[in-house]
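Enquirer: Pasting a predicted model and its sequence here:
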Amino acid sequence: NAGVTQTPKFQVLKTGQSMTLQCAQDMNHEYMSWYRQDPGMGLRLIHYSVGAGITDQGEVPNGYNVSRSTTEDFPLRLLSAAPSQTSVYFCASSYLQREVDEQFFGPGTRLTVL
Amino acid sequence: KQEVTQIPAALSVPEGENLVLNCSFTDSAIYNLQWFRQDPGKGLTSLLLIQSSQREQTSGRLNASLDKSSGRSTLYIAASQPGDSATYLCAVTRTNDMRFGAGTRLTVKP
């Protein structure tokens, strides 16, 4: 199993540009989520999905869109990048948010918006 | 709103010392609590998961405890090694929502 994979590893954007961060998992997990990590603030939930066709907002959803057309993939779209979106983005997956479910994280995408 | 706090923010100890990392949370209605390790520039590696009905979990030199009523968890690391140097994050899970602390950056000096 490759686990949770993310592409790209690094990205530099100019303000106003759009892009998609890719996330895929091969563990047949129903639950997938996106987090951003900023210095001194821990990880914050952006969006999550409990299955194909179902998505919902997390703690900091503004400026981001998601969709879930397959169980395996959960892309994160930045519609019009802003410097405040400079961060490290992590994708995670698990079977579902129950007591025994362990979250598995991808290696992260480091995004800089100029 | 769930708030998760980790104290201390940074810790430096000599090799061989036993140490305790602390995590506190404000809402006791959680499914579980996870401790993660993060190396610089890397993703998160799960260390231990404690279900809400459990009091502790152990893995090798690591022992994590959970006191839901007081909103506290501790991660105990025995006989620390330089390879334990990393940032340790705790996270609590409620329905479809995982909240993280800011982490404790641990340095173990040879």
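Expert: Arrived safely, thanks for sending.
Enquirer: and the lowest-mean-pLDDT helix or strand in chain B, C-alpha only, in PDB?
Expert: Between all helices and strands in chain B, the lowest mean by mean pLDDT, DSSP states H and E belongs to strand B:97-100, at a mean of 89. Only the C-alpha atoms of strand B:97-100 are listed here, as PDB (Å, rounded to 0.1, in the frame of the first residue of the first chain):
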ATOM      1  CA  ASP B  97     -13.800  16.800  13.500                       C
ATOM      2  CA  MET B  98     -10.300  16.500  14.700                       C
ATOM      3  CA  ARG B  99      -8.700  19.300  16.800                       C
ATOM      4  CA  PHE B 100      -5.000  19.600  17.300                       C
END
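Enquirer: what lines up beside that strand in the sheet?
Expert: Neighbouring strands of strand B:97-100 in its sheet, by DSSP bridges, are strand B:86-94 (antiparallel).
Enquirer: and the partner strand, how far from the chain's centre?
Expert: Centroid separation for strand B:86-94 versus its chain: 5 Å, with Cα atoms, centre = their mean, to the nearest Å.
Enquirer: what does it contact?
Expert: A:42-43, A:97, A:101, A:103, B:2, B:4, B:6, B:21, B:23, B:25, B:27, B:29-40, B:44, B:47, B:73, B:75, B:98-106 (Cβ atoms under 8 Å, 6 or more residues apart in numbering or on different chains). C-beta: built from backbone N, CA, C; applies to glycine.
Enquirer: Can I get that strand in PDB? Just the C-alpha atoms.
Expert: Extracted in PDB, the C-alpha atoms of strand B:86-94 (Å, rounded to 0.1, in the frame of the first residue of the first chain):
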ATOM      1  CA  ALA B  86      10.700  15.700  17.100                       C
ATOM      2  CA  THR B  87       7.500  17.700  17.600                       C
ATOM      3  CA  TYR B  88       4.700  15.800  19.400                       C
ATOM      4  CA  LEU B  89       1.100  16.700  18.700                       C
ATOM      5  CA  CYS B  90      -2.000  15.600  20.400                       C
ATOM      6  CA  ALA B  91      -5.400  15.600  18.700                       C
ATOM      7  CA  VAL B  92      -9.000  14.900  20.000                       C
ATOM      8  CA  THR B  93     -11.700  13.600  17.700                       C
ATOM      9  CA  ARG B  94     -15.400  14.200  17.800                       C
END
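Enquirer: any idea how far B:D84 is from the most far-flung residue of chain B relative to its centre?
Expert: For chain B, the residue at maximal distance from the C-alpha centroid (Cα atoms, centre = their mean) is B:P110, at 22.6 Å. From B:P110 across to B:D84, the span is 12 Å (Cβ to Cβ, to the nearest Å).
Enquirer: Give me every residue in chain B that's in contact range of chain A.
Expert: Proximity of chain B to chain A is confined to B:4, B:31-32, B:34, B:36, B:42-46, B:49, B:51-53, B:89, B:91, B:93-103 under the rule Cβ under 8 Å from any Cβ of the partner chain.
Enquirer: Apply 6 Å and report the result again.
Expert: B:31-32, B:43-44, B:46, B:49, B:51, B:93, B:96, B:100-102 (Cβ under 6 Å from any Cβ of the partner chain).
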